[in-house]
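Engineer: Just to be clear, the model below is a prediction. Sequence and coordinates:
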Amino acid sequence: LVTYNTLISGIAASDAPELERARGIENHLKKMGLTGNEVTYNALMATATRSGQVEEAFVIYEEMKKINVGSFNVELFTTLITVCGQAGQLERAFQVHDRMISEGVNPSVVTFNALLTACRRGNRPDSSDIALDVMKIMRDTPDCVPDVITYSTLIDTLGRDGRFTEMNDLLAEMKDLGLSPNFVTYTSMIGALCKSGDLDAAIQLFHEMEEKKIEPNIYTFSCLVGGARRKKDIQMAIFILKLMKDRGVVPN
RNA sequence: ACCAUAAAUACG
């Protein structure tokens, strides 16, 4: 069983996880008269999630219930929330959240972060407000301390909504809590400003991040190039490309 | 032996 589990885990961890291959190995295991355990199913679940297959993830969850593979942990529920978020199924993500609570499993920071991402990807006009509500629930949950990912996700959501005042309030709030914005936080804000057409403010933030010795990456520069493109500012686009090469970031 | 969360990317 360990051999088979190792194989399935290898597929789960590969660059392009294929659920069919993982299932094929699971079939082998069954033919040998073996029964999958928690590790087998966690690896299958990881494969489904990493290849973005929501329905399959839930099928695996149902199988786990049927076979009674021990108790479900917070990671498993969080994985399900993540896969719902990837598919833009916000309602379903909340259902998983409710279910884990009814089963006595406490959500963690990671669980709430996954829910926040699901809000962002939910493509709803009120996703910012829902995300702020999730943040409130999180604050009322014991042992759940928001981290840099929590704030980066919220900042990203509000920024895409053009709610820059609130975005800046969140930035101040995270700093007050002793959390330092990182390259993702900055890239999210830069991306939001570029989308809204405020390239100047985006460039200003770019300089701020460099002053703080936070290294921009290909994502950061892609946001800026996109901002220049939206403004049809070819000079600026070329300037950013130069800047990027100068910083040792290779254009893709 | 496995193990959960955040950011960019034209055209269509």
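Structural biologist: On my side now, so go ahead.
Engineer: which residues in the stretch 151-252 of chain A form helices?
Structural biologist: Ranges of helices within the stretch 151-252 of chain A are A:164-176, A:183-196, A:199-211, A:218-230, A:234-246, based on DSSP state H, counting those that start in this stretch.
Engineer: Residue A:56: what's its closest spatial neighbour, skipping adjacent residues?
Structural biologist: Nearest residue to residue A:56, sequence neighbours excluded (Cβ to Cβ, 6 or more residues apart in numbering): residue A:48, at 4.3 Å. Using the backbone N, CA and C atoms, a C-beta is placed for each residue, glycine as well.
Engineer: now swap in residue A:195 and tell me
Structural biologist: Nearest to residue A:195 is residue A:160, by Cβ to Cβ, 6+ apart, at 6.8 Å.
Engineer: hang on, that neighbour packs against residue A:192?
Structural biologist: Yes - counting by Cβ atoms under 8 Å, residue A:192 is a contact partner of residue A:160 at 5.6 Å.
Engineer: These two: which is more packed in?
Structural biologist: residue A:192 (25 against 17; other Cβ atoms under 10 Å).
Engineer: I'd like the distance from the residue nearest the centre of chain A to RNA strand B, if you could.
Structural biologist: With distances taken as Cα atoms, centre = their mean, the residue of chain A nearest its centroid is residue A:117 (5.5 Å). Distance, residue A:117 to RNA strand B, using Cβ to the nearest atom of the strand, to the nearest Å: 4 Å.
Engineer: what's the pLDDT at residue A:222?
Structural biologist: Predicted confidence (pLDDT) for residue A:222: 94.
Engineer: how close does it sit to RNA strand B?
Structural biologist: Taking Cβ to the nearest atom of the strand, one finds residue A:222 at 3 Å from RNA strand B.
Engineer: tell me, how many neighbours does that residue end up with?
Structural biologist: 18.
Engineer: Dump stretch A:16-36 to PDB, restricted to CA.
Structural biologist: Extracted C-alpha coordinates of stretch A:16-36, given in PDB (Å, rounded to 0.1, in the frame of the first residue of the first chain):
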ATOM      1  CA  ALA A  16       0.700  18.400 -14.500                       C
ATOM      2  CA  PRO A  17      -1.200  16.000 -12.200                       C
ATOM      3  CA  GLU A  18      -3.500  13.700 -14.000                       C
ATOM      4  CA  LEU A  19      -6.300  12.300 -12.000                       C
ATOM      5  CA  GLU A  20      -6.900   9.500 -14.500                       C
ATOM      6  CA  ARG A  21      -3.400   8.200 -13.900                       C
ATOM      7  CA  ALA A  22      -3.800   8.400 -10.200                       C
ATOM      8  CA  ARG A  23      -7.100   6.500 -10.400                       C
ATOM      9  CA  GLY A  24      -5.300   3.900 -12.600                       C
ATOM     10  CA  ILE A  25      -2.900   3.200  -9.700                       C
ATOM     11  CA  GLU A  26      -5.800   3.100  -7.300                       C
ATOM     12  CA  ASN A  27      -7.300   0.400  -9.500                       C
ATOM     13  CA  HIS A  28      -4.100  -1.600  -9.300                       C
ATOM     14  CA  LEU A  29      -4.200  -1.400  -5.600                       C
ATOM     15  CA  LYS A  30      -7.800  -2.600  -5.500                       C
ATOM     16  CA  LYS A  31      -7.000  -5.500  -7.800                       C
ATOM     17  CA  MET A  32      -4.200  -6.600  -5.400                       C
ATOM     18  CA  GLY A  33      -7.000  -6.800  -2.800                       C
ATOM     19  CA  LEU A  34      -5.800  -3.700  -0.900                       C
ATOM     20  CA  THR A  35      -8.000  -0.900   0.400                       C
ATOM     21  CA  GLY A  36      -6.900   2.700   0.100                       C
END
